[in-house]
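Participant: the sequence and its predicted three-dimensional model are supplied below.
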Amino acid sequence: MATTKWALDPTHSEIHFKVKHLMITTVTGSFNSFTAAAETETEDFSNAAISFSADTASVDTGNEQRDGHLKGADFFEAEKYPALSFTSTGYSKKSNDEFTLTGDLTIKDVTKPITMSVEFGGVAKDPWGNTKAGFTLSGKINRKDFGLNWNAVTEAGGLLVSEDVKISAEIQLVKQA
C-alpha cells in the first residue's frame, strides 16, 4: 500500500498549554513556531506515524516577563534546548472519529512516553484543490517528569504553579504531492 505524506498547515494550526497559578486560576500559553508531519497508509490515519516539534523560544503567554522566565534556566532553557519534540509510537482507533495517540515527548534532555486523545475532524479539499486533514488533540503531562521543576511556595503553604500541564492543539495537515 502507498504511503501518503502530510505536512503542517501553520496558518490553520495552534498548540496551547494551561497551568494552574496559585491553584485558583489558569494561565494559558502557546508556541508560536512549530511543525508537524504525518505519514499514513489509510484515509482515517489509523497507524499513522506522526512527528511534532516546537521552538521553545516561541513560548507565548501574553506576558513578556513570564515568557522570559519560561525561556530561561528554570524551565525550557531555550538557548541550550531550542526545541521540544514528539514522535509517535502508536495511533489507534477508539471509534469513528476518536483515536489515542501515544509517543515519546522530549523536553530539554528528558524523553518520556505520553498519551493524547485525538478527535479526527476528517479530510476535505480547500478552494485551491489542496487536500486537508484536521485533528483536535488533548492531553496532560506532569512538568516535573521533564525536568521543569521550578516552583515557589505561597505564604499559606500552597504551590505557585501546578505540576500538571494540560495540552490542547488544533492541527491541520496538507496532503503532499
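Facilitator: Cool, the structure landed. Numbering: from 1, shown residues only.

Participant: mind checking the SS state of the nearest residue to residue 161 once chain neighbours are set aside?
Facilitator: The shortest distance from residue 161 to any residue that is not its chain neighbour, by Cβ to Cβ, 6 or more residues apart in numbering, is 5.5 Å, and that residue is residue 151. Glycine gets a C-beta too; all of them are placed from N, C-alpha and C. Three-state assignment for residue 151 (DSSP: H, G, I helix; E, B strand; the rest coil): coil.

Participant: confirm for me that residue 151 is in contact with residue 160.
Facilitator: Yes: using Cβ atoms under 8 Å, residue 151 makes contact with residue 160 at a distance of 5.9 Å.

Participant: run a quick neighbour tally on the closest residue to residue 76 other than its chain neighbours.
Facilitator: Nearest residue to residue 76, sequence neighbours excluded (Cβ to Cβ, 6+ apart): residue 56, at 4.1 Å. For residue 56, the count of nearby residues is 22 (other Cβ atoms under 10 Å).

Participant: what of the one 3 residues further on?
Facilitator: Other residues within reach of residue 59 by the criterion other Cβ under 10 Å amount to 23.

Participant: that one bridge partners, please.
Facilitator: Residues found in beta-bridge contact with residue 59 (criterion: DSSP bridges) are residue 31.

Participant: from residue 70, how far out is it?
Facilitator: Counting by Cβ to Cβ, to the nearest Å, the gap between residue 59 and residue 70 amounts to 5 Å.

Participant: quickly list what's touching both of these two.
Facilitator: With contacts taken as Cβ atoms under 8 Å, 6 or more residues apart in numbering, residue 59 and residue 70 have 29, 76 as neighbours in common.

Participant: burial of residue 165, as a residue count?
Facilitator: Burial of residue 165 is recorded as 20 neighbouring residues (other Cβ under 10 Å).

Participant: got the contact list for it?
Facilitator: With contacts defined as Cβ under 8 Å, 6+ apart, the neighbours of residue 165 are 17-19, 140-143.

Participant: again, but for residue 33
Facilitator: By Cβ under 8 Å, 6+ apart, the residues touching residue 33 are 54-55, 57-58.

Participant: and with 10 Å instead?
Facilitator: For residue 33, the contacting residues are 10, 53-60, 83, taking Cβ atoms under 10 Å, 6 or more residues apart in numbering as the criterion.

Participant: buried ones among the residues you listed?
Facilitator: Listed as buried from the contacts of residue 33 are 53-60, 83; burial here means 16 or more other Cβ atoms under 10 Å.

Participant: show me which pair in those residues is furthest apart.
Facilitator: 53 and 60 (16.5 Å; Cβ to Cβ).
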